[in-house]
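Colleague: pasting the sequence and the predicted model now:
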Amino acid sequence: MIGCEDTGTFTLKLKLAEIIDAFSLALDLAEEKQLGHARRTASIALLIAMHYGVKGYELNNIYYTAMLHDIGLSEPLGTITATEQASVVRGHAISGSKIVANIPYLENISPFVKYHHERWDGKGEPEGLRGKLIPLVSRIINVADSIEMFVNTKGRDTYSLQNYLQAEAGRRYDPELCKIAYELVQYNEFYETMSHPIALLEDLRPQDQVDVDNAGLLLIGNGLAQVVDNKSSYTANHSIEVAQFSVELGRHLGFKGERLHKLEVAALLHDVGKLGIPTKILHKTSGLTEAEFQQITFHPYYTEIILSQVKGFSEICSWASLHHEKLDGTGYHRQYVAEQIPIEARLIAIADVFQALKADRPYRAGLPYEKIMIIMQEMADKLHLDPEFYAEFTSIAPSLMENNSVKNTYSL
């Protein structure tokens, strides 16, 4: 076994806004929208809020909620029929509030996410709250989200947008907020802000720095992993099981403390980039075309882009995004060779293949243990998996095959 000197607990100093940025980019990819939907929504929401007189930490809550308002959405809204709309809106608002409630330091915005589709007239979702019973943050996000989608879909059509706001004031939206938005959308600066939201957000972006311990890091990882696994019934629990198998292999090799904790989080997040892959490809029941496979190969790159938003995640980002590299240099997305691939990424690769082969997929049922091990041995022989670590994995694989419980194995 390979020894590891990492022991004890640890704490990372992270900027909360960077964690939010990672979630936000993942959500934009998941919704298959033009990148930046959440940032544009946040910039509009902050403009409306400041003109309304919101100050201090409440502006932070508006930023965080705007960036994460769609965290519970498992399907792009554009793919949903009119008859499905109400149930999807209700479901994603409730699901999103639950996800946020379990992410450290974001618990207080859970109700704002839950109620961001409530209507001023009480005909919204999920609880039919009316008027000022709806939290102010949720009311602001609701109108900002709609304005962003209107402009992103129809372009700069101030006349139509103002007519829409007038028609929905007092029905869908808070009339006071509609009045403010009506005035804002007539100015060139408003559309410039939408085109370049980062410029405004750099000035207003919260600077909160938080100390994240072992358990908190795992909860953040679980939150992002849940967004990934929600995308497809065939990937449900994939991230958690890959993390479980990675940790068991790491522990078998002597990993401890910080190294083992980070390995678990990296494994949880290894497929976060799949949020950028169209659902129809992930659900395809026949073989992929060459073009479709090329799209699949982008997902480690998307993983790298998402996780690189958090400066304190450098090791986690590297380990997670390199899990499809092969020792012979034929992997993707970097085409690294053996000495360039971290040990932790090699372990995640083994766990990922094992879980994928044992699980049901759209195009086949899960494979029996003997068949799985034959396939993986062939991959190790070709240096597509690390042969040394695969040999170690074979001693724990039978117990992993028998244990179908899904859990986080180390940090909690």
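Modeller: The structure has been received and is ready for your questions. Numbers count the residues shown, from 1 in each chain.

Colleague: now the phi/psi pair for residue 210, please.
Modeller: Backbone torsions of residue 210, given as degrees, to the nearest 10, read phi -120, psi 150.

Colleague: now swap in the one 3 residues further on and tell me
Modeller: Note on residue 213: its backbone torsions stand at phi -90, psi -170 [degrees, to the nearest 10].

Colleague: any stretches of this protein with poor pLDDT?
Modeller: 1-8, 31-35, 74-86, 229-236, 403-412 (pLDDT under 70).

Colleague: where do the helices sit along the stretch 251-400 of the chain?
Modeller: Using DSSP state H, counting those that start in this stretch, the helices found in the stretch 251-400 of the chain span residues 257-268, 279-282, 290-296, 299-307, 314-321, 343-358, 369-381, 387-393, 397-402.

Colleague: which strands or helices does the shortest one pack on?
Modeller: This means helix 279-282. Other elements packing on helix 279-282 under the criterion 3 or more CB pairs under 8 Å, 6 or more residues apart in numbering; DSSP states H and E are helix 290-296. The C-beta positions use only the backbone N, C-alpha and C, and glycine is treated the same way.

Colleague: and the residue lying closest to residue 91 once chain neighbours are set aside, how far is that from residue 218?
Modeller: The shortest distance from residue 91 to any non-neighbouring residue, by CB to CB, 6 or more residues apart in numbering, is to residue 72 (7.1 Å). According to CB to CB, to the nearest Å, residue 72 and residue 218 sit 20 Å apart.

Colleague: go on, residue 240?
Modeller: With CB to CB as the criterion, residue 240 and residue 218 are 11 Å apart.

Colleague: residues contacting residue 268?
Modeller: 218, 221-222, 224-225, 239-240, 242-243 (CB atoms under 8 Å, 6 or more residues apart in numbering).

Colleague: the residues you listed in helices, which ones?
Modeller: For those, the ones inside helices are 218, 221-222, 224-225, 239-240, 242-243, with DSSP state H as the criterion.

Colleague: between these, identify the one with the most neighbours.
Modeller: residue 243 (31 neighbours; other CB atoms under 10 Å).

Colleague: for it, which non-adjacent residue is spatially closest?
Modeller: Nearest to residue 243 is residue 267, by CB to CB, 6+ apart, at 4.0 Å.

Colleague: how about the helices in the stretch 51-200 of the chain?
Modeller: 57-68, 82-101, 110-114, 136-154, 158-168, 175-184, 188-195, 197-204.

Colleague: show me the contact partners of the third one.
Modeller: Contacts made with helix 110-114 from outside it, assessed by CB under 8 Å, 6+ apart, are listed as 61, 65, 68-69, 71-72, 93-94, 96-98, 100-101, 126, 135, 137-138, 141.

Colleague: apply 6 Å and report the result again.
Modeller: Residues outside helix 110-114 that contact it (CB atoms under 6 Å, 6 or more residues apart in numbering) are 65, 69, 93, 96-97, 100-101, 135, 137-138.

Colleague: now, which of these sits nearest residue 273?
Modeller: The shortest approach to residue 273 among the contacts of helix 110-114 belongs to residue 96, at 20.7 Å (CB to CB).

Colleague: tell me the spacing between residue 173 and residue 181.
Modeller: With the distance defined as CB to CB, residue 173 ends up 8 Å from residue 181.

Colleague: ok, those two, which is more surrounded?
Modeller: Taking neighbours as other CB under 10 Å, residue 173 and residue 181 compare with residue 181 leading, 26 against 22.

Colleague: alpha carbons only: can I get stretch 297-313 in CSV?
Modeller: Only the C-alpha atoms of stretch 297-313 are listed here, as CSV (Å, rounded to 0.1, in the frame of the first residue of the first chain):
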residue,chain,number,x,y,z
THR,A,297,-15.2,14.8,-24.5
PHE,A,298,-15.8,18.4,-23.6
HIS,A,299,-17.2,17.6,-20.2
PRO,A,300,-13.8,17.4,-18.3
TYR,A,301,-13.0,20.8,-19.8
TYR,A,302,-16.3,22.2,-18.5
THR,A,303,-15.5,20.6,-15.1
GLU,A,304,-12.1,22.5,-15.1
ILE,A,305,-13.8,25.8,-16.0
ILE,A,306,-16.5,25.5,-13.3
LEU,A,307,-14.2,24.4,-10.5
SER,A,308,-11.5,26.9,-11.4
GLN,A,309,-13.9,29.7,-10.3
VAL,A,310,-12.9,28.8,-6.7
LYS,A,311,-9.3,29.8,-6.1
GLY,A,312,-9.0,27.4,-3.1
PHE,A,313,-10.0,24.4,-5.3
